[in-house]
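# mind folding the following:
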Amino acid sequence: MIEVETTGGTTRSVDTAYGEAIGYRDGDVFAWKGIPYAAAPEGNFRFRAPRPPQPWTEPRECRSFGAIAPQSRNGPVPIDQAIPMSEDCLSLNIWAPEPDGTPRPVMVWIHGGAYSIGSSAQSVYDGRNLAELGDLVVVTINYRLGAFGFLDLSSLTTEDAVFETNLGLRDQIAALEWVQQCIAAFGGDPEQVTVFGESSGGASITTLMTSPKADGLFSQAIVQSAPSTSVYGPERAAVVASRFLELIDVTPDRIDELLSMDFRKLVAAGDTLCYEIPTRSPGTLGLAPVVDGDVVPRYPVAAFQKGHAHRIPLIIGTNHDEASIFRLMKSPLMPVTSDTVSEMFRAIANDHADLPAFRVAEIMSAYPDRSKPAGALAMSRDAGFRMPSLWIADAHSRHAPVWVYRFDHATPMLRAARIGAGHATELPYVFGNFGTLNRDPTFWLGGRKSATAVSARIMKRWVAFARHGVPATLDGAKHWAPYTEPRWSTLVIDSQDQLVDDPDSAMRAAWGDKVLGFS
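Numbering: from 1, shown residues only. Model prediction:
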């Protein structure tokens, strides 16, 4: 690594396996943005596994984020309109401290967004604060989304048009392979890589933890609010693919037209599926990973229960009020009314022929307020997020260290708005980046001091885990005991953290350990 003074400020030039990358000082660290980790998946490679990036001969200026993956710009995620959108989107960003010859731990972030929206360029994911606090390397990645990343068209493959499975997951694997190959040049330790992610990013991680193709690419994982059971079988994938062709008005004998079709038409059809399918079948996602026998050999949560996951340390948890934000947005991505929740449970029962009717009744009876909004939200939260996380924690704790948390903290404004500790509200705490929304109401009624203190504790725990494999700090923070039977110790994160033994015992007893999801 060579330091170069330029008119734009101190820069860092790094020789990677593919060419020279020039990064720029960002506070006390350096940042490289928009580094390609794979070639553009365009034309005949549009629906194919990622290929290695094309080497470059001239020094590459890494001052700006790479293009965002094709998606709607009108979605709920704030996206900088100045950032281009392109299929040539497979890039990553790095924040790294001044090198001193000692390899530093690496944290690789996989963003969420229902497998259909989002970008590593979202300001809440800026890695500067985390890299500075932890004296480590932070990497954030883009990957294919929606119809380009999580629509399985493999059943329509012909001699002239090949469609591969789980492209978004394959992209994530390619990014992690790039980290293994290149991160040492940025001062990172490829033997000490922690992946962390939220929502579909977290579920991507639980899926990768069961994928042979990802074995050895990371040594630890942090999973936040993951809908880990939202992985479906090939039969359902074929039905979704057929509906997709209807939306773009293409018959199977003309499938090769998808390789040259304007990407905006494919995005629009993917958006329709993203909202149409959960509206018709509450509790399911329109586009998601598929059990393909290759990247995803088994349903991930079931694989954890059979001991087939990579046996690495894991932090996993959910937020107290996961479903509230979906009610506020009137989003069908989660069922939030008593009617849609009941419909979800009927569908679950139909999808599990061996599930006795009394078992469904037992689960529903654990929610006496299920006919009211609060009860419906609780059932949706537990079906979509909490129970899948506990099933994984229970199973994985028999083979590797596990720590479980529940994020309960909410500012006065979020409580007043009946959002509470809603889905994704922990993100600014993890990165130390508050105020990243256009009109952020988080602190309109105060609470900044408390939130800043909570954020500092979370960041220190995440950093300690990345560095030492244990989320313990030396600043007097509450001891976080591992999650082991029969205590099931859980860290409840709030203004004052608490270690609580099995805070979900009633819910655990009602649901049992049989994985209830959709195939």
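# how about the strands in the stretch 51-200 of the chain?
Secondary structure of the stretch 51-200 of the chain (DSSP state E, counting those that start in this stretch): strands located at 60-61, 91-97, 104-110, 137-141, 188-198.
# most tightly packed of those strands?
Mean neighbours per residue, mean count of other CB atoms under 10 Å, is largest over the strands of the stretch 51-200 of the chain for strand 137-141, with a mean of 28. For glycine as for every other residue, the C-beta is placed from the backbone atoms N, C-alpha and C.
# starting from that one, tell me which strands it pairs with and how they run.
Its sheet considered, strand 137-141 pairs with strand 91-97 (antiparallel), strand 104-110 (parallel) by DSSP bridges.
# hmm, who's touching it?
37, 91-97, 104-111, 120, 125, 127, 130-131, 171-172, 175, 179, 183, 186-188 (CB atoms under 8 Å, 6 or more residues apart in numbering).
# where's V14, which helix or strand?
V14 is part of strand 9-15 when elements are defined by DSSP states H and E.
# got the angle between the helix or strand just after that strand and strand 91-97?
As assigned by DSSP H and E, the chain's next helix or strand after strand 9-15 is strand 20-26. For strand 20-26 against strand 91-97, the angle by axes from the mean of the first three to the mean of the last three CA atoms, to 10 degrees is 60 degrees.
# list the buried residues in strand 20-26.
Judged by neighbour count (16 or more other CB atoms under 10 Å), strand 20-26 contains these buried residues: A21, I22, G23, Y24, D26.
# ok, residues contacting the helix or strand that that strand is followed by?
The helix or strand immediately downstream of strand 20-26 is strand 29-36, counting by DSSP H and E. Residues outside strand 29-36 that contact it (CB under 8 Å, 6+ apart): 11-12, 14, 16, 18, 21-25, 53-54, 60, 62-66, 88, 90-98, 127-128, 131-132, 186.
# stretch 274-281 now?
Applying CB under 8 Å, 6+ apart, the external contacts of stretch 274-281 come out as 114, 116, 146, 240, 243, 284-287, 331-335, 347, 518.
# filter these down to the ones in helices?
Counting by DSSP state H, these place G146, V240, R243, A347 in helices.
# check T6 and give its pLDDT.
Note for T6: predicted pLDDT of 40.
# picking up where we left off before, adding distance to V162 and pLDDT, write the ones in helices among the contacts of stretch 274-281 out as CSV.
Written out in CSV, the entries for the ones in helices among the contacts of stretch 274-281 read as follows (distance: CB to CB, whole Å; pLDDT from 0 to 100):
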residue, distance to V162, pLDDT
G146, 20, 97
V240, 19, 96
R243, 21, 97
A347, 33, 91
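# so what's the residue count around G435?
Other residues within reach of G435 by the criterion other CB atoms under 10 Å amount to 11.
# make that V250, sorry
If you count neighbours by other CB under 10 Å, V250 ends up with 18.
# that one touches L258, doesn't it?
Yes. V250 is within contact range of L258, at 6.7 Å (criterion: CB atoms under 8 Å).
# and the strand holding V14, what does it pack onto?
strand 2-6, strand 20-26, strand 29-36 (3 or more CB pairs under 8 Å, 6 or more residues apart in numbering; DSSP states H and E).
# what do you get if the cut-off is 6 Å, keeping everything else the same?
strand 2-6, strand 20-26 (3 or more CB pairs under 6 Å, 6 or more residues apart in numbering; DSSP states H and E).
# compare those strands and say which comes out lowest on pLDDT.
Across the helices and strands packed on strand 9-15, the lowest-scoring stretch is strand 2-6, with a mean of 41.
# pick out the residue nearest the middle of this structure.
G201 (1.0 Å; CA atoms, centre = their mean).
# next up, the contacts around R327.
When contacts are counted by CB atoms under 6 Å, 6 or more residues apart in numbering, R327 is found next to V336.
# now with 8 Å, please.
The neighbours of R327, taking CB under 8 Å, 6+ apart as the test, are V336, P373, L377.
# which of the helices or strands spans it?
helix 324-329.
# what residues sit buried inside that helix?
For helix 324-329, a neighbour-count test (16+ other CB under 10 Å) marks S324, I325, F326, R327 as buried.
# any idea of the mean pLDDT for that helix?
For helix 324-329, the mean pLDDT works out to 93.
# distance between it and the chain's centre?
Its chain's C-alpha centre lies 19 Å from the corresponding centre of helix 324-329 when counted by CA atoms, centre = their mean, to the nearest Å.
# now swap in stretch 406-421 and tell me
In terms of CA atoms, centre = their mean, the centre of stretch 406-421 is found 21 Å from the chain centre.
# distance check, the closest residue in space to L208 that isn't next to it in sequence against R467.
Nearest non-adjacent residue to L208, counting by CB to CB, 6 or more residues apart in numbering: A214, 4.1 Å away. A214 sits 22 Å away from R467, going by CB to CB, to the nearest Å.
# the two: who's more crowded?
A214 (21 against 16).
# do I have it right that that one meets T206?
No. Counting by CB under 8 Å, A214 does not reach T206; the two are 11.1 Å apart.
# who's in contact with the spatially closest residue to T442 that is not a sequence neighbour?
Leaving out its chain neighbours, the residue that sits closest to T442 by CB to CB, 6+ apart is T411, at 5.4 Å. Applying CB under 8 Å, 6+ apart, one finds that T411 lies in contact with T442, F443, L445, G446, G447, R448, S450, A451.
# just read off the phi/psi values of T411.
Dihedral pair for T411: phi -70, psi 160, per degrees, to the nearest 10.
# re the thing from before, of the contacts of R327, keep whichever come out buried.
Applying 16+ other CB under 10 Å to the contacts of R327 flags V336, L377 as buried.
# same list, the contacts of R327, but as TSV with distance to H399 and pLDDT please.
TSV is the format used below for the contacts of R327 (distance: CB to CB, whole Å; pLDDT from 0 to 100):
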residue	distance to H399	pLDDT
V336	35	93
P373	39	91
L377	33	95
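# closest one to K306 out of the contacts of R327, please.
Using CB to CB, L377 comes nearest to K306 of the contacts of R327, at 31.8 Å.
# who's in contact with P368?
By CB under 8 Å, 6+ apart, the residues touching P368 are G375.
# mind checking the SS state of it?
Using DSSP: H, G, I helix; E, B strand; the rest coil as the criterion, the local structure at P368 reads coil.
# what of the one 3 residues further on?
Local secondary structure at S371 is given as coil here, using three-state DSSP.
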